[in-house]
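Chemist: need a 3D model of the following:
(2 chains, ligands or ions: 2)
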Amino acid sequence: MRAGGGLFAAALFTPITVVYLVFLLAPIGFFLMMSVFRYSPMELWQPAFTADNFVRLLSEEHYRVIIFRTLEIAALTTVFSLMLGFPLAYFLARTGSIWRGVLMFLVIAPLMTGVIVRTYGWIVLLGSEGTVNVVLMWLGVIDEPVKILETQVAVLVALVHILMPYMVFPLFSSLASQDPDVERAAATLGAGRWRIFFEVTLPLSRAGILMGSALVFTLTAGAVVTPALLGGSKVQMLGQTIYDLVLSTLNWPFASAVAFVLVFCQFSIIFLYLKGGRRRVG
Amino acid sequence: MSQSVLHLSGVVKRFGETLAVGPVGFEVQEGEFLTLLGPSGCGKTTTLHIVAGLLYPDQGEVRLRGREITRLDPQHRDMGLVFQNYALFPHKTVFDNVAFGLRMRKVAAGEIRERVLRMLDVVGLPGVENRQPHQLSGGQRQRVALARALVIEPSLLLLDEPLSNLDAVLRKRMRLELRDIQQRLGIATIFVTHDQDEAFEMSDRVILMNVGHIEQVATPEELYDNPTSRFAAEFIGEVNLIDGTVAGVDGGAAQVQSAIGGRYRARGDLASVRAGDEVLLMVRPERVEIEPDAAAADGLVPATVAKRVFSGDLLIFTLRTADGTELTASKPSTQRYRAIAPDSSVWIDLGECRLLPRGA
Ligand SMILES: Nc1ncnc2c1ncn2[C@@H]1O[C@H](COP(=O)(O)OP(=O)(O)O)[C@@H](O)[C@H]1O
Ligand SMILES: [Mg+2]
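Modeler: Residues are numbered from 1 along each chain as shown, chains lettered A, B, ... in the order given. Ligands and ions are numbered 1, 2, ... in the order given. The predicted structure follows:
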């Protein structure tokens, strides 16, 4: 590829560069700075450098639990999205069936409604008088409604659903770009279905797996609305914690420190993705 | 009696409404190089995939050395298939690509190493075992794919248009080399191609296919000299087809009155031919004789030279007869034929022709 192209390339890249600088890098820089400032009840923050915010964050049990829980939910959501999304993406990529269109629509559909609408949908389904409990009682599996809302399960289920497109599309494009003859070649050479999957299909999907996982992990770690509405105070994650600190407690320096930890985790994942993705197959 | 390696009988395959193949039946003999030749979309790949077990036929039977394998999984068939686009494992080294089939067969590591390296030698690619497929040229990938299929010592080698992605020079060289490797290993081979030259240069026998069925099974020479259908005559090489009417049948040949005026002897499938039948006369361009001298032209058909193309070793004449029929004649570019100028009057003779049904 011809690199550069001087003025033309510059003209193309200027708008997006400005957007990133103003709306991404500047705010991040701002809260990075804020996270080492001192909290003041009267002026919100004082430009005096201190490590107190981080010391407090890492020493208080309450926050350690939240950090750990956030990472746990992000990891579990990623794993479940991958396990559920892979067969779906595989089917979508390989089938010539009429169901392909329908399934493709179902995967995209969540993107067409807002996250709040979808989360309320899950409240309707998972509530104590919700569909899931009604059906389970009707089937005689349970005698009285089980508590699903305000548990980690509710948050996980909803996040897996809401973030599924971010997993399925990278997987789909990875699988669809594979030459189906490569799997056929493996079969004629003596590999059974499982061998073909582990020796050929899975390694060749590496780029899609990394991309989808990185997307779902970072989006889950930063999720605010879904954990807040479905998990409540019982399943608090970092996003909601930051939200509360900024809007209710008005402790911006401490909120920035929490945000710093969150962004640090997300960047670490993106870094791992880039590092892992570089060993691409040609 | 020599047993055939592969026996297909009555094989039919449909994709929804479309009949892709069938019914098709043929045998492959021990050590034979058999070619499936036909235009794109005639069902060659489908047939090959049925042999390899990547597709199961809707009807019919596949036998490998007498054993029925019609619905056996591909991984238990013991066939080496080379794909048109090679289908190498892009994430594995050349060594691991070639070793794959042996690993699946649980061959010991030491033996795998030895056999892989030996096979890379056979296909003319020593020393590339640590490369990745994307670091190889098209021709090299082709050889790796061949080595990968051959190293498992399959009962049958299946090649699906393996040369059509190579440039012209390499393709010609690989024809000979592929045939040479096949002969050395003595492995029964089914080769798929739409290229008649490839089929002729390499094959012991050719199966000519057309829209899913077999038109003719013959040696290359047979197929060239004695096509049994208009399709076969036109698909293979250049051909002149002339309308004619059967005047009589005697002793293995028919007398045919041709549209260009002459009456010619014609051989072919005469079983159902009767006097008065409308037929086609087939004659290859190199068999068309041109006589420039009126004195020697007794009984020949007059024509004009409509066009003359010089192509080095050959002169290609387009000859127009009185009834407007155009015939092609290809002649060596010797003094005798160079002397025949465009627009000059000549006399032509077709000699003995081939008789074909008129058909559609
Ligand atoms: N998977 C498939 N689904 C539907 N039709 C197919 C499929 N594979 C092949 N066909 C059809 O079957 C016919 C034979 O195809 P193929 O065997 O690939 O021909 P060839 O290899 O001779 O070019 C073609 O008309 C093709 O369109
Ligand atoms: Mg084909």
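
Chemist: for the residue lying closest to B:Q196 once chain neighbours are set aside, give me phi and psi.
Modeler: Spatial nearest neighbour of B:Q196, excluding adjacent residues (C-beta to C-beta, 6 or more residues apart in numbering or on different chains): B:I236 at 5.6 Å. All C-beta spots, glycine's among them, are computed from the backbone N, C-alpha and C. Dihedral pair for B:I236: phi -90, psi 110, per degrees, to the nearest 10.

Chemist: B:R267 now?
Modeler: The phi/psi pair for B:R267 (degrees, to the nearest 10) is phi -100, psi 160.

Chemist: give me the neighbour count for it.
Modeler: Neighbour count of B:R267, defined by other C-beta atoms under 10 Å in any protein chain shown: 14.

Chemist: contact partners for it?
Modeler: B:R267 is in contact with B:N226, B:G252, B:A253, B:A254, B:E352, B:C353, B:R354, B:L355, counting by C-beta atoms under 8 Å, 6 or more residues apart in numbering or on different chains.

Chemist: run a quick neighbour tally on the fifth one.
Modeler: This points to B:E352. Using other C-beta under 10 Å, B:E352 has 12 neighbouring residues.

Chemist: same question, the last one
Modeler: Taking other C-beta under 10 Å as the neighbour definition, B:L355 ends up with a count of 23.

Chemist: ok now the helix or strand harbouring it, how far from the chain's centre?
Modeler: Here B:L355, judged by DSSP states H and E, is contained in strand B:353-357. Relative to the centre of its chain, strand B:353-357 is centred 21 Å away, using C-alpha atoms, centre = their mean, to the nearest Å.

Chemist: what pairs with that strand, parallel or antiparallel?
Modeler: Applying DSSP bridges, strand B:353-357 is found paired with strand B:263-268 (parallel), strand B:278-283 (antiparallel).

Chemist: the closest residue to ligand 1 within chain A: what secondary structure?
Modeler: Here chain A gets closest to ligand 1 at one residue, A:G96, 7.0 Å apart by C-beta to the nearest ligand atom. Following DSSP: H, G, I helix; E, B strand; the rest coil, A:G96 is assigned to coil.

Chemist: buried set for the strand or helix carrying A:I242?
Modeler: Per DSSP H and E, A:I242 falls inside helix A:238-247. Buried residues in helix A:238-247, counted by 16 or more other C-beta atoms under 10 Å in any protein chain shown: A:L238, A:G239, A:Q240, A:T241, A:I242, A:D244, A:L245, A:V246.

Chemist: likewise for stretch B:268-279?
Modeler: Within stretch B:268-279, the residues that qualify as buried are B:G268, B:V273, B:D277, B:V279, counting by 16+ other C-beta under 10 Å.

Chemist: what's the most distant pair in the residues you listed?
Modeler: Within the buried residues of stretch B:268-279, B:G268 and B:D277 form the most distant pair, 11.6 Å apart (C-beta to C-beta).

Chemist: circling back to that earlier point, model confidence for the residue nearest to B:Q196, exactly?
Modeler: For B:I236, the pLDDT comes out at 90.

Chemist: next up, the contacts around it.
Modeler: Contact partners of B:I236, counting by C-beta under 8 Å, 6+ apart, are B:Q196, B:L208, B:L223, B:Y224, B:P227.

Chemist: from A:T241, how far out is the fourth one?
Modeler: With the distance defined as C-beta to C-beta, to the nearest Å, B:Y224 ends up 83 Å from A:T241.

Chemist: what is the burial count for the residue nearest to B:G312 when sequence neighbours are not counted?
Modeler: Distance criterion C-beta to C-beta, 6+ apart; nearest residue to B:G312, sequence neighbours excluded, is B:S333 at 7.0 Å. As a burial measure, B:S333 scores 15 neighbours (other C-beta under 10 Å).

Chemist: also B:V21?
Modeler: When neighbours are counted by other C-beta under 10 Å, B:V21 registers 28.

Chemist: and it, that's in a helix?
Modeler: No - counting by three-state DSSP, B:V21 falls outside a helix, being strand.

Chemist: pLDDT weak spots in the stretch 151-300 of chain B?
Modeler: The stretch 151-300 of chain B contains no residues with pLDDT under 70.

Chemist: apply 80 and report the result again.
Modeler: Within the stretch 151-300 of chain B, the set of residues satisfying pLDDT under 80 comprises B:251, B:294-299.
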